[in-house]
Each structure stands twice: as structure tokens, then as C-alpha cells.
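>>> Prediction below, plus the sequence it came from.
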Amino acid sequence: MKKQLPIGPIMIDITGTTLSQYDKEKIAHPNTGGIILFARNYETPEQVAELNQQIKAARNGPILIAVDQEGGRVQRFQNGFTRLPPAAAYADQPELTEDAGWLMASELLALG
């Protein structure tokens, strides 16, 4: 007998820098809990701020918007953002680590 696993929120992605009708339908689906953005979704800070507004408008309720933005090689949004070294470069410096985290967070938060 197969055990039925509960269906919970899933994280989805989109292909472009704006939402298609299909993207809007996926975002509105009740099983969608979040969306992850990649470099392919980014042109400028202003563009991705508008994209974030489109995502929120397509959703009836809250939605998590995520991006893999760690610094070093893993920095999906580059143009208009502070270029940070990999976290390992300052891992033994707690104050610098905290400052870098706050900098990344504030730059992303400004996008909505």
C-alpha cells in the first residue's frame, strides 16, 4: 500500500524577465508557496523590482520570493549590486560576516 504524502507549498521558477500568462497561473496556484529568481530573470534593479510587483499582484496572499545571492561565484544579481567575495573569505571575521549579510539583505529588500 502506497502512503500518500501531504502536498505542501512548492517553489517554482519562471523563464523570463516579465511574467507570461502561464507564469501568472502557476503563481496563483494554491500549491505555490514561493518563486526563485535566477540570473535569467534579472536585467537591472528597477526591472526586478517591477517583476517582484508583478509576482505579488499575481498571487492572492503572501508568496516567498527567493534568489541564490551568496557572494563570490554565486551572485545571480550583479549589475547594480555590490560585488562581494565568497563568504569563506571572511568566515573567521564575525563582524565582517554580519556586515556582508546585512548589505546583501538590504540590497535585496530594496527590490520589494
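Sure thing, it's come through.

>>> contacts, neighbours, all on C-alpha from now
Will do.

>>> export the longest helix along the chain as CSV, just CAs?
In the chain, taking DSSP state H as the definition, the longest helix is helix 94-109. This file holds the C-alpha atoms of helix 94-109, laid out as CSV (Å, rounded to 0.1, in the frame of the first residue of the first chain):
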residue,chain,number,x,y,z
PRO,A,94,32.2,37.7,12.6
GLU,A,95,31.7,41.4,12.3
LEU,A,96,32.6,41.5,8.6
THR,A,97,30.4,38.4,8.0
GLU,A,98,27.4,40.2,9.7
ASP,A,99,28.1,43.4,7.7
ALA,A,100,28.2,41.5,4.4
GLY,A,101,24.9,39.7,5.3
TRP,A,102,23.2,43.0,6.1
LEU,A,103,24.5,44.6,2.9
MET,A,104,23.1,41.7,0.8
ALA,A,105,19.8,41.7,2.6
SER,A,106,19.3,45.5,2.3
GLU,A,107,20.1,45.5,-1.4
LEU,A,108,17.6,42.7,-2.0
LEU,A,109,15.0,44.2,0.3
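
>>> mind listing what's buried in that helix?
Of the residues in helix 94-109, 97, 100, 104, 108 count as buried by neighbour count, 16 or more other Cα atoms under 10 Å.

>>> Just the closest of those to Gln47, please.
The closest of those to Gln47 turns out to be Leu108 (Cα to Cα; 12.8 Å).

>>> Pull the residues that contact the longest strand out of those in the chain.
Longest strand in the chain by number of residues (criterion: DSSP state E): strand 32-37. Applying Cα atoms under 8 Å, 6 or more residues apart in numbering, the contact partners of strand 32-37 are 9-14, 26-27, 63-68.

>>> Pairing partners for that strand, with directions?
strand 10-13 (parallel), strand 64-67 (parallel) (DSSP bridges).
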